[in-house]
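Student: Quick check, what structure comes out for this input:
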Amino acid sequence: MIIKKIMNNNVVFVEDRKKNELILVGSGIGFKMKPGMKADESRIEKTFLLSRFKEQKRLIELLSKISSEDFKLADHIIQYARAALGTDLDENIYVTLTTTWCLLWKGQRKALFSEMLCCGRSGSSTHRNLPLASTPSR
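Tutor: Residues are numbered from 1 along each chain as shown. Here you go, the predicted model:
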């Protein structure tokens, strides 16, 4: 597979022997690579062949903005769901789940940081258990 474009160290666009355009995800797959070089197949963790342009564009945008750890977490959750449900899931679940996860986590980090600043705990070794999600009052 020949690299056509490098999005970041973990995401590259390639063309296979059948002239299909693929998105490859893997830790360091784009590191020190250049368009025209052969992709290191030992680094491939996930391959995407999306037939519809709209989904391909959304996936490209998402993969260029998130960390490989966030993507790996989403992939782990999706693989677990496939096994638990005993069925295949639409590949678009990667875009939906990963986007949702990243937005939720970003909001939680912001809330935790604000709480630390509000309580004067920035840089302090004092810890306090903060809820990860709000729970209904009883």
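Student: which SS state does residue 5 fall under?
Tutor: Under DSSP: H, G, I helix; E, B strand; the rest coil, the three-state class of residue 5 is strand.
Student: Excluding chain neighbours, what is closest to it?
Tutor: Spatial nearest neighbour of residue 5, excluding adjacent residues (C-beta to C-beta, 6 or more residues apart in numbering): residue 13 at 4.3 Å. The way it works is simple: take the backbone N, C-alpha and C, and place the C-beta from them, glycine included.
Student: host element of the one you found?
Tutor: strand 11-15 (DSSP states H and E).
Student: could you give me the average pLDDT of the following helix or strand past that strand?
Tutor: Going down the chain from strand 11-15, the next helix or strand is strand 21-25, by DSSP H and E. Taken as a whole, strand 21-25 has an average pLDDT of 88.
Student: So, low pLDDT: which residues of the chain?
Tutor: Low-confidence segments of the chain, defined by pLDDT under 70: 50-55, 106-138.
Student: in it, which spans are strands?
Tutor: Along the chain, counting by DSSP state E, strands occupy 2-8, 11-15, 21-25, 46-48.
Student: Select, out of the ones you listed, the one closest to residue 85.
Tutor: strand 46-48 (19.3 Å; C-beta to C-beta).
Student: Sheet partners, orientation included, of the strand holding residue 13?
Tutor: Using DSSP bridges, strand 11-15 pairs in its sheet with strand 2-8 (antiparallel), strand 21-25 (antiparallel).
Student: Name the residues that touch that strand?
Tutor: 1-7, 21-25, 29-30, 33, 39, 60, 63-64 (C-beta atoms under 8 Å, 6 or more residues apart in numbering).
Student: Kindly report the same for stretch 71-79.
Tutor: Contacts for stretch 71-79 (C-beta under 8 Å, 6+ apart): 10, 25, 45-46, 63, 89, 93-94, 97-98, 101.
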